[in-house]
Structure formats: structure tokens, C-alpha cells
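Asks: Would you be able to build a 3D model of this:
(2 chains)
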Amino acid sequence: NAGVTQTPKFQVLKTGQSMTLQCAQDMNHNSMYWYRQDPGMGLRLIYYSASEGTTDKGEVPNGYNVSRLNKREFSLRLESAAPSQTSVYFCASSEVSFSNYGYTFGSGTRLTVV
Amino acid sequence: AQTVTQSQPEMSVQEAETVTLSCTYDTSESNYYLFWYKQPPSRQMILVIRQEAYKQQNATENRFSVNFQKAAKSFSLKISDSQLGDTAMYFCAFIPNSGYSTLTFGKGTMLLVSP
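Replies: This is a model prediction of the structure:
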């Protein structure tokens, strides 16, 4: 009964380092998403994958890449981390992208870039 | 593009009282869905309540209810009999019922419930 699992939960990076945030869901959902949450900004969509084999940019895609590895897994990569990427990152999933039941969220990753 | 506006960055209420959080949205779509999510200090995003735009009846979930005014594009959340556990950030969100739409969030309202 895991739902959406994100790893790691916390991470500190130095400017210029790279890392990949992992996300997996066990609900057989077709669509998956990456959001970032910053104080006073709400949640903003970085990238999404409406179905296995497709990915699309969201509102704030610069500095990120994604991979839909299979139906269960959707990763977010920071190739060269910058302090502006300090944020809390949420992965989410839904049966379809225009889900009328909303999205199921993971517990988030707090990333600090120094 | 859709926008969601929450005009109250912070609100406070005393235990057992009622509080209303405001949300307005802008869209040209006729069919869509609206949501309120709760984010307690644990950081988990929890779906509180949802509303289908084509339904005139306001949604209710226990102590939580909404006032949906489609013409005014307003979707407020009322919390009755507030409890300490209601202390959280609340986000209003919107999604059109079409194509590859995605969920758009407001900036959030921090609600503090005090004894």
C-alpha cells in the first residue's frame, strides 16, 4: 500500500553537482509528474509524463531532465545543480493526466544546493 | 492558461470556530474540476475535497465544505469546528477536463488553529 515513493527524502548538493531524484508508484497509474514547491509560490509543474514513453515540459523545466523508465518509475535529473534549485520536490501520479480525482503525491524531497 | 489565486497568505482561527479560505480561478474552459489539498507540517499532500464544475451542489466532506460559484469563478473552503490538527498549508487547485491537462495550484494559505 505504498502509493508514490520518492527517494531520497533529503539531499544537500554543492553547486555544479548532479543528482537524480527517483519516483515510483504502485497504483498502475498512466500519468506521472514532478513539481517543485517554493515559499510563497505554491507547487509548480516541472515536467510530466502523460503515458509511458512520453514526457512534456511544464511551467518551470529549465535545468531539469526527466526519464519515464517504465510505467511505474519517473525520475528527475539535475545535471548541474544551482542554488536556485533549492526547493522541495514532489512526485505525483494519476490514472490519466486530466484526472478528475486529483493526483496522489509522494512525501517530497527537500533539496538544498549550497 | 489557467490561473488560481489564493489571496490570503495566512489565516488564524481558534479551536471549534469556523474559518473560510478563499480561492478564485481564471479559465475559458466550461468543464473542469477543483480541489483543495492540505499540507500539514509532515509535508504530505492530502486531498481534502473535490468539486465537479458541472455539478451545482456544493461538495461536503465531514467538517469541510465548499462554496462553489461558477459564474464568479470562486471556490472557497469552509472548515467547521476547527481542530488543532487542521493547522496546515491549504492549496486550491484546478484542472480542465480535456486532453493533456495538468493540475494547476494556487500559492497556498497557511492556516493556524490555536487553542
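Asks: where are the low-confidence patches of the chain?
Replies: All of this is about chain A. A:1 (pLDDT under 70).
Asks: Check the gap between the most centrally placed residue in it and residue B:4 for me.
Replies: The residue lying closest to the centre of chain A (CA atoms, centre = their mean) is residue A:34, at 2.7 Å. Distance of residue A:34 to residue B:4, given as CB to CB, to the nearest Å: 19 Å. For glycine as for every other residue, the C-beta is placed from the backbone atoms N, C-alpha and C.
Asks: repeat for residue A:102
Replies: The value you get for residue A:102 to residue B:4, if CB to CB is used, is 14 Å.
Asks: overlap in contacts of those two?
Replies: Common neighbours of residue A:102 and residue B:4 are listed as residue B:93 (criterion: CB atoms under 8 Å, 6 or more residues apart in numbering or on different chains).
Asks: how long is stretch A:78-95 end to end?
Replies: From its first residue to its last, stretch A:78-95 covers 27 Å (CA to CA, to the nearest Å).
Asks: roughly how far is that stretch from the heart of the chain?
Replies: The chain centre lies 5 Å from the centre of stretch A:78-95; the measure is CA atoms, centre = their mean, to the nearest Å.
Asks: Could you do stretch A:70-80 as well?
Replies: Distance of stretch A:70-80 from the chain centroid (CA atoms, centre = their mean) equals 7 Å.
Asks: So the residue lying closest to residue A:30 once chain neighbours are set aside, which state does it fall into?
Replies: Closest residue to residue A:30 apart from its sequence neighbours, by CB to CB, 6 or more residues apart in numbering or on different chains: residue A:51 at 5.0 Å. Following DSSP: H, G, I helix; E, B strand; the rest coil, we place residue A:51 in the coil state.
Asks: Strands of the chain, residue ranges please.
Replies: You didn't say which chain, so I picked chain A. A:4-7, A:10-13, A:19-25, A:31-38, A:42-49, A:56-57, A:64-68, A:74-78, A:87-94, A:104-105, A:109-113 (DSSP state E).
Asks: could you do chain B instead?
Replies: Using DSSP E, strands in chain B cover B:3-5, B:10-14, B:19-21, B:24-26, B:32-39, B:46-52, B:60-61, B:64-69, B:74-79, B:88-96, B:104-105, B:109-114.
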